[in-house]
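Engineer: Sharing a model prediction with you, sequence too.
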Amino acid sequence: MTERVDFYILNSAEPERRWLFACRLAEKAYLQDLSVLIWSDNAADAGRCDDLLWTFADRSFVPHQLDREGEPADVETPVHLTLALESAASADLLINLADRLPEGLARFTRVAEIIDADPERRRLGRERFKAYRESKLELQTHQLNDVAEI
């Protein structure tokens, strides 16, 4: 059951900032022995995030897998990137990089929404915020600058 939804509001509209923040958030969760699922809208975003998980920090290693349709997911891998949320396993943390409300929230203990300064992404984020609030979930909002640490 979802205990909390955190909205991380970035002041940059650069997509790279969202992906980098997602990597840092995944690393923090991994270091706390949590399972993580990063959900993207498209293969290009998922692939870019996959690449960044290898390179975003010099002294960092985040074991992860890009889940592909028809290929079995390694249940021992702590961080998964997926396009198909409906077929993904449950996780301690869902990092939502998609522009829509995730279904099956009960499978995730926490949800992280990363919202950048793109006007359309902000609008869609506000809609998800309202939907979460209507579902009576605990909401936290974190206003971040470009160099903010988690």
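Structural biologist: Arrived safely, thanks for sending. Numbers count the residues shown, from 1 in each chain.
Engineer: Work out which residue lies at the spatial centre of this protein.
Structural biologist: Centroid-nearest residue in the chain, with C-alpha atoms, centre = their mean: Ile95, separated by 1.6 Å.
Engineer: Surely it touches Ser35?
Structural biologist: No. The pair Ile95 and Ser35 does not pass the contact test of C-beta atoms under 8 Å, sitting 11.5 Å apart. Any C-beta I mention is one placed from the backbone N, CA and C, and that applies to glycine too.
Engineer: Am I right that Leu94 is in a strand?
Structural biologist: Yes. Membership of Leu94 in a strand is supported by DSSP: H, G, I helix; E, B strand; the rest coil.
Engineer: And the pLDDT at it?
Structural biologist: Predicted confidence (pLDDT) at Leu94: the value is 98.
Engineer: Just the strands from the protein, written as ranges.
Structural biologist: Under the criterion DSSP state E, the chain contains strands at 4-9, 36-39, 64-66, 79-82, 91-96, 108-115, 138-143.
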